[in-house]
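In: fold the following and give me the result.
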Amino acid sequence: MINRVDRLRAALDATDLDALLVSNAHNRRYLSGFTGTSGWLLVSQDAAMVATDFRYWEQVANQAPEFGLYKQEGALAAWLPGFLAPLGGQKIGFESTDVSVASHKQLRDVIAGMAPAQRPSLLQVEGVVERLRSVKDADEIDALERAVHVGDAAFAHVAERIEPGWPETRVAWEIEKYARENGAEAMSFPTIVGSGPWGAMPHCYPRANPIAAGEPIVIDMGVVVDGYCSDMTRTIVVGEADDRFQQLYDIVLVAQETAEETIETGMSGAVAHQIAHDIIERAGYGENFGHGLGHGVGLEIHEHPRVGKTSDDAIEEGMVITVEPGIYIPGWGGIRIEDMGVMEDGKYRNFTTAPKLRMLGA
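Out: Numbers count the residues shown, from 1 in each chain. Presented below is the predicted three-dimensional model:
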């Protein structure tokens, strides 16, 4: 994890900050390896510390040996002054998107009560570690690929077994059961299963309703392996697909695969999104594709960058992103196809191997 800390120090050096107080659990894990549910990191140019309570002291020693351990004992006011005192007079950033108004007031009150010589300045920052996390290293890419492969296998295992009459909830459960029995430590998010008109809602939830033959079924799922998430969507039909399904599926598939072949490093998220959106719009369904083309994935299921209509995020080498266009017709259903891959040598390398349907010669 030392290289990640060095990258953070370089980022701090480019700002007006002397140190960063890290409270976000994913950022804490990314920088230190510590996976406990409670604790703070303090990273300066000269030191890297974990502050946590008795429950995690041994865990910190095992998972974050390069970090010093500061033992929390008692309430915040009892231990925080000692934790921050070595940085008296310096500027410490805190993660404003992770700290509640009440916690911020508590931090301010504790610092205000410190001796003037030991009192640091507390400044709010956003996205410092998240931007570092958006470019994955080799270990992260390996974990993400393994997560994708477990998810692909879980989908394939269930998709070939679905029959008319299965409730959507059974599909979701069978996917999770297989995933957990075959290497997943958790699901990335509650599995989405939407059959027929229900699938017209991009983030619907599985119901007890039975699946009917011939209707589209949107399955959006992901698993967690070694802390890293996967994300994949496929749309299938149990039985015979009708002409409308075949036509719409081909439009989405062409948009999805064209985007994957065309996206390059240096593009903005908006330009990447427009590649797929233009194809769907020319087919007459632009208004039926209302969400972004994709997003970054890592320790969290949605990370920087955002790949969407208004995104000016730059797509960089080493970023892992999804490509997931869709068409949604109220009263009929939805079609979404989603892969996940890495920007490598300037192009998009797809991780996802779950099969896609081939309908009208696409």
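In: now the helices for the chain?
Out: When assigned using DSSP state H, the helices of the chain occupy the ranges 2-13, 25-32, 57-63, 76-84, 101-112, 128-133, 138-159, 168-181, 243-262, 269-282.
In: redo those as TSV? Include distance to residue 209 and mean neighbour count.
Out: Glycine gets a C-beta too; all of them are placed from N, C-alpha and C. Converted to TSV, those look like this (distance: least, C-beta to C-beta, whole Å; neighbours: other C-beta atoms under 10 Å):
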stretch	distance to residue 209	mean neighbour count
helix 2-13	46	15
helix 25-32	35	22
helix 57-63	44	15
helix 76-84	49	17
helix 101-112	42	13
helix 128-133	38	19
helix 138-159	17	20
helix 168-181	6	19
helix 243-262	19	19
helix 269-282	28	20
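In: adding distance to residue 313 and mean pLDDT, write those out as a markdown table.
Out: Putting these into a markdown table (distance: least, C-beta to C-beta, whole Å; pLDDT from 0 to 100) gives the following:
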| stretch | distance to residue 313 | mean pLDDT |
| --- | --- | --- |
| helix 2-13 | 17 | 92 |
| helix 25-32 | 18 | 98 |
| helix 57-63 | 31 | 97 |
| helix 76-84 | 33 | 94 |
| helix 101-112 | 27 | 93 |
| helix 128-133 | 10 | 97 |
| helix 138-159 | 18 | 97 |
| helix 168-181 | 30 | 98 |
| helix 243-262 | 16 | 97 |
| helix 269-282 | 5 | 98 |
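In: and those helices: which comes nearest residue 200?
Out: Each of these was scored for nearness to residue 200 using C-beta to C-beta, and the closest is helix 243-262 (11.5 Å).
In: center of the chain - which residue?
Out: residue 301 (2.2 Å; C-alpha atoms, centre = their mean).
In: how near is it to residue 332?
Out: 28 Å (C-beta to C-beta, to the nearest Å).
In: ok, now residue 237?
Out: For residue 237, the distance to residue 332 - C-beta to C-beta - is 13 Å.
In: more neighbours: those two, which one.
Out: residue 237 (21 against 17; other C-beta atoms under 10 Å).
In: hang on, isn't the more buried one packed against residue 219?
Out: No: applying C-beta atoms under 8 Å, one finds residue 237 not in contact with residue 219, separated by 11.6 Å.
In: need the overlap of contacts for those two.
Out: Common neighbours of residue 237 and residue 219, using C-beta atoms under 8 Å, 6 or more residues apart in numbering, do not exist here.
In: so how far is stretch 53-68 from its chain's centroid?
Out: Remark: stretch 53-68 is offset 26 Å from the chain centroid, using C-alpha atoms, centre = their mean, to the nearest Å.
In: no wait, stretch 126-137
Out: The mean C-alpha position of stretch 126-137 is separated from the chain mean by 12 Å, C-alpha atoms, centre = their mean.
In: which residues does that stretch contact?
Out: Against stretch 126-137 from outside (C-beta under 8 Å, 6+ apart): 3-4, 7-8, 11-12, 15, 20, 22, 24, 26-27, 30-31, 93, 95-97, 144, 296, 298-299, 303-305, 316-320, 342.
In: tell me how far residue 272 lies from residue 278.
Out: Distance of residue 272 to residue 278, given as C-beta to C-beta: 11 Å.
In: report how many residues lie close to the nearest residue to residue 99 once chain neighbours are set aside.
Out: In this structure, residue 99 finds its nearest non-sequential neighbour in residue 23, 6.0 Å apart by C-beta to C-beta, 6 or more residues apart in numbering. If you count neighbours by other C-beta under 10 Å, residue 23 ends up with 17.
In: quick one: contacts for residue 73?
Out: 53-54, 79.
In: repeat the analysis, applying 10 Å as the threshold.
Out: Neighbour list for residue 73: 53-54, 79, 82 [criterion: C-beta atoms under 10 Å, 6 or more residues apart in numbering].
In: which among these gets closest to residue 255?
Out: Residue 255 has its nearest neighbour among these in residue 53, at 50.4 Å by C-beta to C-beta.
In: out of everything not next to it in sequence, what's closest to the closest one?
Out: Nearest to residue 53 is residue 72, by C-beta to C-beta, 6+ apart, at 4.5 Å.
In: what of residue 321?
Out: Residue 321 sits nearest to residue 294 (C-beta to C-beta, 6+ apart), 5.0 Å away.
In: list the contacts for the one you found?
Out: Neighbours of residue 294 in contact, by C-beta under 10 Å, 6+ apart: 231, 256, 259, 263, 269, 272-273, 276, 302, 305-308, 311, 315, 321-325, 338-341.
In: could you do residue 284 as well?
Out: Contacts of residue 284 (C-beta under 10 Å, 6+ apart): 251, 327.
In: how far away is it from residue 247?
Out: 10 Å.
In: just residue 35 next, same as before
Out: Counting by C-beta to C-beta - residue 35 and residue 247 are separated by 47 Å.
In: again, but for residue 296
Out: 32 Å.
In: quickly list what residue 341 is bridged to.
Out: Residue 341 has the following beta-bridge partners by DSSP bridges: residue 321, residue 350.
In: burial measure for it, as a count.
Out: Other residues close to residue 341 by other C-beta under 10 Å number 23.
In: go ahead and confirm it touches residue 261.
Out: No: between residue 341 and residue 261 there is no contact under C-beta atoms under 10 Å: 11.5 Å.
In: shared neighbours of the two, which are they?
Out: Common contacts of residue 341 and residue 261 (C-beta under 10 Å, 6+ apart): 347-348, 350.
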